[in-house]
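>>> no sequence on this one, just coordinates:
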């Protein structure tokens, strides 16, 4: 029974129909479908049919992700992220120190080899469908936030979504590890005219990442707003605007603000924009930086983060979509306020879904700004003396509260998804597993409760 | 790197490296870094020149190294001079704060007499 089920998981429709919501949608048998997909399908089929006798030793190259694979019939197939996805990484200046590398390697173990492999899941397709709906609307009202247990695959969702939309020549601002921006790794200084703190050198690095990822698109967009840098008025393309900040660190912050202003105030001038923030809770916590009086600096006081925090407070964003994912593993960026907001939104969405009259994707707006909602739960308003662990001063900073949050939960892996993942990684030579069988995968899923990270650790 | 005559290791984080200076502990080192807006993970070798200058200026305004040792020696010398009990204990090289002498007192026997001078 299991063998038969797994045999049809990689090949399309019949078994998938029972698992997916599209029970009535039996697509054309993709045995006859595109030849381009036969590479992965046939490999998957071969792997499935030989599930009980996995003795192959040759490694298979994973097919590179392109948007044409974002279909139901390709679910449970392992893909490699495109090479352009490597441009999303932003390296901190001091990340090459021996200590940092040793810590990172100790944590990741096998993750370096599996980081560029991603499994296409039905839940990701639903997530992208919601993102598409936001991008199609003239003004996006919702911010899609991914929440789940650590290791469930939130970052993988975002990485794949960023690569997916980048392939359509959208402008993609995908920031993978915001926590490293606030972890005290970069030089900072006080801004001369305000109470903010600047990180000029690192802001230039961020601008470079934006420019590198979106080079082909930004070259074609002429700046419409009027900006001046160093008493010199600027005119040119968005690429040239970013180059001003990259070449001269002193202008980096002003360039970033101008760039964001250009995206938000002149949407007709550009293609759709995808904003993607991983470790979004770093935006709502104290940073590892201190002011002159040794008081911790909040993320809102960093000039680099401020434009993005303000973006999340906007009720509507024109011709754009905002995706975010939380991170519960890094304790330095723990945000009781955001956890509280997300749990509240989940309860609300669950309530809306259970009632027949309202749609599950609609949210009541402006609830984040209404403190009375928090007071009914009480946790976020607990005083610092009573419960310092869950006290969060951000609760009272209403000007930074995100608006229009819609929570998407990344579900745990099912048995067939786990099998496809483990077997695919083994065949690609990225995971050293002695034998992949139905019983082994089933036990692994049961022991790890379907958590992707725990599952891979179990298999190693 | 030499700071006020003290050889401080370059590869260390600034707030930790400053503890090599006599009179600067962990908290003082952190406070100095915060005062000058030096980021917490900054290594001494990566410190820009202007920050080094500012740090030197700040440290010059503090009582550290030889001045601090002299101050401590003077305080103890004053106790000896006025004939205080603590002064007698320092002179004898025995515990000055009520510690037992039947056993232990190793640190006092080693250090207390030498604290009378700054050459320790």
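Structure's in. What do you need? Since we're looking at a predicted model, the values are computed, not measured.
>>> and the gap between the residue in the stretch 351-460 of chain A that chain B sits nearest to and residue A:303?
Proximity of the stretch 351-460 of chain A to chain B (C-beta to the nearest C-beta) peaks at residue A:393, 19.4 Å away. Placement of C-beta: from N, CA and C, glycine included. Distance, residue A:393 to residue A:303, using C-beta to C-beta, to the nearest Å: 20 Å.
>>> Might you report the residue contacts of the residue of the stretch 351-460 of chain A closest to chain B?
residue A:298 (C-beta atoms under 8 Å, 6 or more residues apart in numbering or on different chains).
>>> Relative to residue B:89, how far out is the residue of chain B positioned farthest from its centre?
Taking C-alpha atoms, centre = their mean as the measure, the residue most remote from the mean C-alpha position of chain B is residue B:102, 30.2 Å away. Residue B:102 sits 15 Å away from residue B:89, taking C-beta to C-beta as the criterion.
>>> Which positions in chain B make contact with chain A?
Residues of chain B lying close to chain A by C-beta under 8 Å from any C-beta of the partner chain are B:30, B:31, B:34, B:35, B:37, B:39, B:40, B:41, B:42, B:43, B:46.
>>> Dump these to a markdown table, plus secondary structure, neighbour count and pLDDT.
Compiled in a markdown table, the residues of chain B next to chain A are given as follows (DSSP: H, G, I helix; E, B strand; the rest coil; neighbours: other C-beta atoms under 10 Å in any protein chain shown; pLDDT from 0 to 100):
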| residue | secondary structure | neighbour count | pLDDT |
| --- | --- | --- | --- |
| B:30 | helix | 19 | 96 |
| B:31 | helix | 19 | 96 |
| B:34 | helix | 20 | 96 |
| B:35 | helix | 16 | 95 |
| B:37 | coil | 18 | 95 |
| B:39 | coil | 23 | 93 |
| B:40 | coil | 18 | 93 |
| B:41 | coil | 22 | 91 |
| B:42 | coil | 23 | 91 |
| B:43 | strand | 16 | 91 |
| B:46 | helix | 17 | 88 |
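>>> Would you check which pair of the residues you listed lies furthest apart?
With distances taken as C-beta to C-beta, the most widely separated pair in the residues of chain B next to chain A is B:31 and B:46, at 20.0 Å.
>>> Verify the stated contact: residue B:87 with residue B:94.
No. Here residue B:87 lies out of contact with residue B:94, judged by C-beta atoms under 8 Å, at a distance of 11.7 Å.
>>> what residue lies at the spatial centre of chain A?
Geometric middle of chain A (C-alpha atoms, centre = their mean) lands on residue A:158, at 2.8 Å.
>>> how much space is there between that one and residue A:279?
Using C-beta to C-beta, residue A:158 is found at 10 Å from residue A:279.
>>> which neighbours do those two share?
residue A:325.
>>> Now for the residue in the stretch 151-300 of chain A that chain B sits nearest to, how many residues are close by?
Using C-beta to the nearest C-beta, the closest approach of the stretch 151-300 of chain A to chain B is made by residue A:184 at 3.6 Å. Residues near residue A:184, counting by other C-beta atoms under 10 Å in any protein chain shown, number 19.
>>> Following element in sequence after the lowest-mean-pLDDT helix or strand in chain B, please.
Lowest by mean pLDDT, DSSP states H and E among the helices and strands of chain B is strand B:2-3, with a mean of 76. The helix or strand immediately downstream of strand B:2-3 is strand B:6-7, counting by DSSP states H and E.
>>> shaky segments in the stretch 101-250 of chain A?
A:101-114 (pLDDT under 70).
>>> Tell me where it has strands.
A:117-119, A:139-140, A:143-147, A:171-175, A:189-190, A:197-198, A:227-229, A:232-234 (DSSP state E, counting those that start in this stretch).
>>> helices and strands around the biggest helix by length in chain B, which ones?
In chain B, assigned by DSSP state H, the helix with the most residues is helix B:65-81. Packed against helix B:65-81, as judged by 3 or more C-beta pairs under 8 Å, 6 or more residues apart in numbering or on different chains; DSSP states H and E, are the following elements: helix B:85-92.
>>> list the buried ones in the helix it packs on?
Using 16 or more other C-beta atoms under 10 Å in any protein chain shown as the test for burial, helix B:85-92 gives B:87, B:89, B:90.
>>> In contact with the nearest residue to the second one once chain neighbours are set aside, which residues are there?
Computed as C-beta to C-beta, 6 or more residues apart in numbering or on different chains, the closest residue to residue B:89 that is not its neighbour in sequence is residue B:96, at 4.0 Å. The contact partners of residue B:96, taken as C-beta under 8 Å, 6+ apart, are B:86, B:89, B:90, B:108, B:112.
>>> Out of those, name the two that are farthest from one another.
Maximum pairwise distance in the contacts of residue B:96, criterion C-beta to C-beta, is 11.6 Å, between B:86 and B:108.
>>> Mind telling me which residue of chain B is nearest chain A?
Closest point on chain B to chain A, by C-beta to the nearest C-beta, is residue B:40, at 3.6 Å.
>>> is it true that that residue touches residue B:29?
No. Using C-beta under 8 Å as the test, residue B:40 is too far from residue B:29 to be in contact (10.9 Å).
>>> Quick check: neighbours shared by the two?
Common neighbours of residue B:40 and residue B:29, counting by C-beta under 8 Å, 6+ apart, are residue B:15.
>>> who in chain A is up against chain B?
A:94, A:97, A:183-190, A:197, A:288-294.
>>> Am I right that residue A:214 is in contact with residue A:172?
Yes. Assessed by C-beta under 8 Å, residue A:214 is found in contact with residue A:172 at 6.4 Å.
>>> May I ask which helix or strand encompasses the residue nearest to residue B:89?
Using DSSP H and E, no helix or strand contains residue B:96.
>>> From residue B:63, how far out is it?
22 Å.
>>> before we move on, what about residue A:414?
68 Å.
>>> One more: residue A:148?
Distance of residue A:148 to residue B:63, computed by C-beta to C-beta: 55 Å.
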